[in-house]
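Q: What shape does this take:
(one chain, ligands or ions: 1)
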Amino acid sequence: MPDRKPCGKHAVLGSNAAVRVTQCPCGAVHVTLIANGVTVRVNEETLRGITHGLMSALDQVEEREGVRVN
Ligand SMILES: [Zn+2]
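A: Next comes the predicted model:
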């Protein structure tokens, strides 16, 4: 693990109408669901897991709807 910096100003990793993801200098990632204002605090490893899980779910949904992205 690299040295962790103290908490401070968050950098925005990603933001859209549904979700806002920021990262604290200490490494903590905050995922805020805009719809209900719930923020989940995770590490990078968990962010990766969440993202892959959501992508799989989206694949299923789009397959069902017959929508093809790309
Ligand atoms: Zn922090």
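Q: From here on, just use CA atoms for contacts and neighbour counts.
A: Noted.
Q: dump the residue contacts of the residue nearest to Arg4 when sequence neighbours are not counted.
A: Counting by CA to CA, 6 or more residues apart in numbering, Cys26 is the residue found nearest to Arg4 once chain neighbours are left out, at 5.1 Å. Contacts for Cys26 (CA atoms under 8 Å, 6 or more residues apart in numbering) come out as 4-8.
Q: Now do Cys26, the pLDDT please.
A: Model confidence at Cys26, expressed as pLDDT, equals 96.
Q: And it, how far from the ion?
A: Applying CA to the ion, to the nearest Å, the value for Cys26 to the ion is 4 Å.
Q: Keep only the contacts of Cys26 that also lie close to the ion.
A: Filtering the contacts of Cys26 for proximity to the ion by CA under 5 Å from the ion leaves Cys7.
Q: quick one: the strands in this structure?
A: 11-15, 19-23, 29-33, 38-42 (DSSP state E).
Q: ok, how many other residues are close to the residue of the chain found nearest the ion?
A: Minimum separation of the chain from the ion (CA to the ion) falls at Cys7, amounting to 3.6 Å. Counted with other CA atoms under 10 Å, residues neighbouring Cys7 total 12.
Q: Next, give phi and psi for the closest residue to it other than its chain neighbours.
A: Nearest residue to Cys7, sequence neighbours excluded (CA to CA, 6+ apart): Cys26, at 5.1 Å. In terms of degrees, to the nearest 10, the main-chain angles of Cys26 are phi -80, psi -10.
Q: shouldn't the residue of the chain closest to the ion be in contact with Val29?
A: No. Using CA atoms under 8 Å, Cys7 makes no contact with Val29, being 11.4 Å away.
Q: before we move on, back to that, if you rank the contacts of Cys26 by neighbours, which is first?
A: Cys7 (12 neighbours).
Q: How about the contacts made by that one?
A: Here Cys7 is in contact with 24-26 (criterion: CA under 8 Å, 6+ apart).
Q: Could you tell me how far the residue nearest to Arg4 is located from Gly8?
A: 8 Å (CA to CA, to the nearest Å).
Q: before we move on, what about Arg41?
A: Distance from Arg41 to Gly8, by CA to CA: 15 Å.
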